[in-house]
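I'll drop the sequence and a predicted model, then ask my questions.
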Amino acid sequence: MLSTILVPLDGSAFSAKALPVAAAIAKRTGAAVKVVTVLDPSAYVPFVPGEVLVPVMDTDALAARRAADEEAIKAEAERLVADGVKAEGRLLEGTVVEAIAEYALEIGADLIVMTTHGRSGLERLWLGSVATSFLQRAPCPVYLVRPVGSATDSDLPTGTMLVTLDGSPFADSMLPRAAAFAEAVGMSMRLFTVAIPNAIPMAPFGTEALLADESDLTRQEHEAKERLDALAATLPVPCTTEVATDMTATRAILEQAEASDVGLIAMATHGRTGLARLVMGNVADSVLRAAPKPMLLYRPVATEVAAAEH
C-alpha cells in the first residue's frame, strides 16, 4: 500500500511535470505527497584569490535563494492541496543525493516520483555518476517519468508493467514492491527474462566461427519459463510471463518494451548474469536513454533478498 509519495523538484518546469503523476497516484491511493527541493549552501561559497584561497560564504545570496525556494515549494504544495491531494512542501539543505535519500528515509516514503532530468542540482541525476549514488541510497522504489513535449506520458501508467528479471533472488525481491505499485495504479504485470545462448566454437571453420548450443538454449528457456510461472502465481495482480532469446539483454528489453500494452518498465537496480550491470553501467545508460516508457527502479535491501531466497 502506498501512503507517502516524495517528489523532488529542482525549480524547473521540467521537473515539475512529475507533480501531476504523483497527484494522480495519490488520488487513487489516498497517499500524502511530500514536495521537496534541495538548497546546497556550498554553491554560495565563492573563493577570493590572494596569497591563499579563502572561502567566503555569500550569506546574502544564500538567504535570498532560501527564501525564494521556500516560497516556490510552498506554492507547489498549495496547488496540490487545492486539487484535493494531501500535500506538504519542504526545503532541504545539503547535497542533492544525500538530502533526498535521508529525507525519504525520515518520512518513510513508499515511492519517489521524479522526471528523468532537469537542471541545476538534479541535472545529471539519471545521466551520470550521481544516478548510481542515488539509486544505491534510495530507500524505496523510484518512478521515473518521461515527459513528452509540454505534458507527461500520462498522469497514471496504464496497461502492463514489464518486470525484468535475471533469475537471481536479488531481482526477484523487487516483486512485492512492483506488485504493490501495479495494484495501486491498476496495472497487470508481465514477468520477463532473457535467455542468452551459449556458443559452441566451430573449430573446422576457424576460431571466430560460433554456433549456438540449441539443446542448452532449449533447457534455459524451459527452466526460465517454469520459474517465471511459479513467481507469477504468487502475485496479487493479473500476471503473464515471457522468455526472450537474445545475445543482448538491453536489446531484448527495449524490444519487449515497444509492445503496445506495456506502460511501464520495472527492474531492480542490479542483479547478475545478463542483467548484472542493468542500472550500474552501460546497459543502464542504454535502457534509461532509449526506453520508450516510464521506469520503476528499486534497490532491494538485504532482508528482502533473504526472503526471496526462501
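Thanks, I have the structure now.

Low-confidence stretches in the chain?
43-58, 117-133, 147-154, 198-213, 270-285, 310 (pLDDT under 70).

Could you pull out the strands in it for me?
4-9, 32-39, 47-48, 54-55, 87-93, 111-115, 142-145, 160-164, 188-195, 199-201, 210-212, 239-245, 262-268, 295-298 (DSSP state E).

Just give me how far stretch 27-46 sits from the chain centre.
Stretch 27-46 has its C-alpha centroid displaced from the chain centroid by 17 Å (Cα atoms, centre = their mean, to the nearest Å).

Renumber starting at 118 from here on
Sure thing, new numbering starts at 118, so read that last one as stretch 144-163.

still on that earlier bit, Arg294 is nearest to which of the strands of the chain?
strand 412-415 (5.3 Å; Cβ to Cβ). C-betas here are computed from N, CA, C, even on glycine.

With just CA atoms, put that closest one into PDB.
Output of strand 412-415 as PDB, limited to C-alpha atoms (Å, rounded to 0.1, in the frame of the first residue of the first chain):
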ATOM      1  CA  MET A 412      10.500   3.200 -15.400                       C
ATOM      2  CA  LEU A 413      10.200   1.900 -11.900                       C
ATOM      3  CA  LEU A 414      13.600   1.200 -10.300                       C
ATOM      4  CA  TYR A 415      14.300  -0.200  -6.800                       C
END
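
Check which helices and strands it is in contact with.
Judged by 3 or more Cβ pairs under 8 Å, 6 or more residues apart in numbering; DSSP states H and E, the packing partners of strand 412-415 are strand 259-262, helix 292-302, strand 379-385.

Point out the other helices and strands that the longest helix along the chain packs with.
Ranked by residue count and defined by DSSP state H, the top helix of the chain is helix 176-199. Judged by 3+ Cβ pairs under 8 Å, 6+ apart, the packing partners of helix 176-199 are helix 135-146, strand 149-156, strand 204-210.

picking up where we left off before, could you identify which of the helices and strands packed on strand 412-415 is most buried?
strand 379-385 (a mean of 25; mean count of other Cβ atoms under 10 Å).

Name the residues that touch that one?
By Cβ atoms under 8 Å, 6 or more residues apart in numbering, the surrounding residues in contact with strand 379-385 are 271, 274-281, 287-288, 290-291, 295, 298, 304, 307, 370, 373-374, 392, 395-396, 404, 408, 410-417.

ok, 6 Å please
274-281, 287-288, 291, 295, 374, 395, 408, 410-413, 417 (Cβ atoms under 6 Å, 6 or more residues apart in numbering).
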